[in-house]
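*Asks:* What would the 3D arrangement of this be:
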Amino acid sequence: QVQLVETGGGLVQAGGSLRLSCAASGQTFSNYRIGWFRQAPGKEREFVTSISWNLGTTDYADSVKGRFTTSRDNALNTVYLQMNSLKPEDTALYYCAVKIRAYALPRSPNSYDRWGQGTQVTVSS
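*Replies:* Coordinates of the predicted model:
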């Protein structure tokens, strides 16, 4: 059973950058889709981006398109989220997750079967 660990969060000023990592253990990502979600206090968990492990195809929420980039390293079994031009509204707890069911909707949190513990990103103005 795959287990996920996110690292790389922190405090950064607006306009700055952070890179989050999501490392898998117990199982390779195989042919799954890996998503990044975030949740701010008092708000619902929202889709940020996802990547197909096999094909490398990506999808981005409009709010992060052009600023965030997701990528993968097959050898390290790790997925990355590069976040540039950060804004205070990007402040949230960021999670990575694995979607095992191929038919499930890729932007819905309910479609993802395994979650990491989350890493906090705080952007100051």
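
*Asks:* Would you mind confirming that residue 68 is in contact with residue 51?
*Replies:* No. The criterion here is C-beta atoms under 8 Å, and residue 68 misses it with residue 51 at 11.4 Å. Yep, even glycine has a C-beta here, placed from its N, CA and C like the rest.

*Asks:* quick one, which of those two is more surrounded?
*Replies:* Taking other C-beta atoms under 10 Å, residue 68 and residue 51 do not tie; residue 51 has more neighbours (25 against 21).

*Asks:* which SSE is that one in?
*Replies:* Residue 51 belongs to strand 46-52 when elements are defined using DSSP states H and E.

*Asks:* Off-centre distance for that strand?
*Replies:* Put simply, strand 46-52 sits 6 Å off its chain's centre (C-alpha atoms, centre = their mean, to the nearest Å).

*Asks:* could you say what helices and strands that strand packs with?
*Replies:* With contacts taken as 3 or more C-beta pairs under 8 Å, 6 or more residues apart in numbering; DSSP states H and E, strand 46-52 sits against strand 33-39, strand 58-60, strand 68-73, strand 78-83.

*Asks:* Let me know which of the ones you listed is the nearest to residue 94.
*Replies:* Closest of those to residue 94 is strand 33-39, at 4.8 Å (criterion: C-beta to C-beta).
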